[in-house]
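Peer 1: this is the structure alone, sequence omitted:
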């Protein structure tokens, strides 16, 4: 349990609408972890901001939809790593799906795994993405499996985001490497 942050990247992993923006905000604003170069725009679903790099999120989405050539992605992410100050991190629900690529690139990454009451996550996904319940459940189950299988050995902290948490509580949990799950 360290009180200082390492230079290895911090990856916030959890399903869409799991509280990852709150954790990424604390990493960015309070703990000095650079979470983006190109900030994702705020919107009605997240008026405080997403605290994720929109360029990397767009590439992750493209990779998932188009089965794009991984080498291009690796080149971009490596360039991103060189441009950001240390420590740095990424937050994108697609990190679960793209875990093998990111784990290959950053084997020493510090993973912060999130959990939130599934009914709340499903309700939020349906409201934001207009997905049906089956699609939401499939996403949740896939993220759970991928997160544990791919990232299980790299989990630095795990947080239950079901209840609203203060930034100070999130910050303390991260600094202590707390495992709540």
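Peer 2: Noted; the coordinates are in hand. Worth saying up front: this structure is predicted, and the values here are computed from it rather than measured.
Peer 1: all the helices of this structure, residue numbers only.
Peer 2: Assigned helices in the chain, in chain order: 20-29, 54-66, 70-83, 99-105, 118-129, 133-151, 167-176 (criterion: DSSP state H).
Peer 1: right, and those - which one's nearest residue 48?
Peer 2: Nearest to residue 48 among the helices of the chain is helix 20-29 (6.6 Å), distances taken as CB to CB. C-beta: built from backbone N, CA, C; applies to glycine.
Peer 1: quick one: buried residues of the closest one?
Peer 2: Going by neighbour count (16 or more other CB atoms under 10 Å), the buried part of helix 20-29 is 20, 21, 22, 23, 24, 25, 26, 27, 28.
Peer 1: try stretch 103-115
Peer 2: 103, 106, 109, 110, 111, 112, 113, 114, 115.
Peer 1: identify the residues contacting the second one.
Peer 2: Each residue near residue 106 by CB atoms under 8 Å, 6 or more residues apart in numbering is listed here: 8, 9, 11.
Peer 1: okay, now the first one: neighbour count?
Peer 2: Read it as residue 8. Applying other CB atoms under 10 Å, we find 17 residues neighbouring residue 8.
Peer 1: which regions of this structure sit below the pLDDT cut-off?
Peer 2: Along the chain, the model assigns pLDDT under 70 to residues 1-3, 66-71, 181.
Peer 1: same thing but 50
Peer 2: 1-2 (pLDDT under 50).
Peer 1: now the phi/psi pair for the residue nearest to residue 50 when sequence neighbours are not counted, please.
Peer 2: Leaving out its chain neighbours, the residue that sits closest to residue 50 by CB to CB, 6 or more residues apart in numbering is residue 40, at 4.1 Å. Torsion angles at residue 40 (phi, psi; degrees, to the nearest 10) stand at phi -70, psi 140.
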